[in-house]
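Trainee: Here is my input; please provide its structure:
(3 chains)
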Amino acid sequence: MPELPEVEIVRQGLIQFMTGKRIVQFEQRRSDLRWPLPKNMPERIANSKVLNILRRSKYLLINLSSQETMIIHLGMSGRLLVLKDEDETTTNIGNFNFSTHQYGKHDHVIIYLECGVRIVYNDPRRFGAIDLISTKEIFNHKWLKNLGPEPLGNDFYSDHFYKNLKKRKSSIKMAIMDQGLIAGLGNIYALESLWHSRISPLRKACDVEKVEAETLAIAIKNVLSLAIEAGGTSLQDFRHVGGEVGYFQQSLKVYGCLNQQCANSDCLGIIQRVKQSGRTSYYCNNCQT
DNA sequence: CGTACGACCTGCCCGC
DNA sequence: TGCGGGCAGGTCGTAC
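Mentor: Next up, the predicted model:
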């Protein structure tokens, strides 16, 4: 579910509740998500303070005063929700009071912070993952070390992007969803970026011209930036940490728009749907070539 | 090494 | 109403 913009929205939401706060307890309501949770996770992070929260691609990086970093990936259906305790009934955890709360069966991990705030990790499909690693080793972590440049960062250059596309025999759509080539795009934003660039997702990556690669690089930055400004895309599962939806689905031009007229005002095309490597693609077969 | 595909999981929606 | 099939924002391991 969550692509770069949604993870960024979650990060911005978590910052205000977690930064500078002490973790009083880490509760595992099951011992595995996609993989087993790290050994001794509760003991290793208990009593540490949250220094800051960063994002790399679709991963959240929570830096702790214990000199370790918690890495969280939301998979397809993961959510992080903030629970604030303003109820009457409370239970003591250490020196802190938390109201009693009915957890759902997909509430897998609860992070208890001082001041009665809890962060709930909910993930029906359990494709998400959590790990803990020494902060100074963070970018050697196997999940992070092979990621390509951040499209909104300073080291995403369109000439390098173009040269990498030239090496690929796969479709342009599969190429830009390859996290090693460029980090953070998923199915929705890959297709939206291609629509704005008027490039067909079916085109071979190596056939994309230099000027088109430049257009695509700009479109990717614009689409991601606008999606973040709109609070992300909430098709089904995605929510902000306070439960709010994002509004970028109103700005989607092709994703999910099967049989609709192309949103380009000078185009009379109809949006098509096709499978590419098992994933659904949408595109206009008139203006996207 | 690049590429393609199945696997991992649950819930929901559709058609019969 | 119930059941089976297909679908969903992602990533990894394996086989060519």
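Trainee: partner residues bridging A:Cys284?
Mentor: Beta bridges link A:Cys284 to A:Ile271, judged by DSSP bridges.
Trainee: how close does A:Glu209 get to A:Gly13?
Mentor: As judged by C-beta to C-beta, to the nearest Å, A:Glu209 and A:Gly13 stand 40 Å apart. Every C-beta, even on glycine, is put in place using the N, C-alpha and C of the backbone.
Trainee: Which residue of these two possesses the greater neighbour count?
Mentor: A:Gly13 (20 against 11; other C-beta atoms under 10 Å).
Trainee: Go ahead and report the secondary structure state at that one.
Mentor: Under DSSP: H, G, I helix; E, B strand; the rest coil, the three-state class of A:Gly13 is helix.
Trainee: which residue sits closest to it in space, ignoring its chain neighbours?
Mentor: A:Val241 (3.5 Å; C-beta to C-beta, 6 or more residues apart in numbering).
Trainee: Check the one you found and give its pLDDT.
Mentor: On pLDDT, A:Val241 comes in at 91.
Trainee: mind listing what it touches?
Mentor: By C-beta atoms under 8 Å, 6 or more residues apart in numbering, the contact set of A:Val241 is A:10, A:13-14, A:17, A:80-82, A:119.
Trainee: what do you get for A:Tyr157?
Mentor: Neighbours of A:Tyr157 in contact, by C-beta under 8 Å, 6+ apart: A:Pro149.
Trainee: same thing with the one 5 residues further on?
Mentor: Listed by C-beta under 8 Å, 6+ apart, the contact set of A:Tyr162 reads A:208, A:210, A:213-214.
Trainee: Separate out the buried members of these.
Mentor: A:208, A:213 (16 or more other C-beta atoms under 10 Å).
Trainee: rewinding a little: roughly how far apart are the residue nearest to A:Gly13 and DNA strand C?
Mentor: 16 Å (C-beta to the nearest atom of the strand, to the nearest Å).
Trainee: quick one: that residue from A:Leu83, how far?
Mentor: 10 Å.
Trainee: Is it correct that A:Phe17 falls within a helix?
Mentor: Yes. Counting by three-state DSSP, A:Phe17 falls inside a helix.
Trainee: so it sits right up against A:Gly116, yeah?
Mentor: No. Counting by C-beta atoms under 8 Å, A:Phe17 stays clear of A:Gly116, with 11.0 Å between them.
Trainee: one step back: now, among the contacts of A:Val241, which is nearest to A:Ser277?
Mentor: A:Val10 (27.3 Å; C-beta to C-beta).
Trainee: Let me know the next secondary structure element after the helix or strand of chain A with the lowest mean pLDDT.
Mentor: Sorting the helices and strands of chain A by mean pLDDT, DSSP states H and E puts strand A:90-93 at the bottom, at a mean of 68. Downstream of strand A:90-93, the first helix or strand assigned by DSSP states H and E is strand A:96-99.
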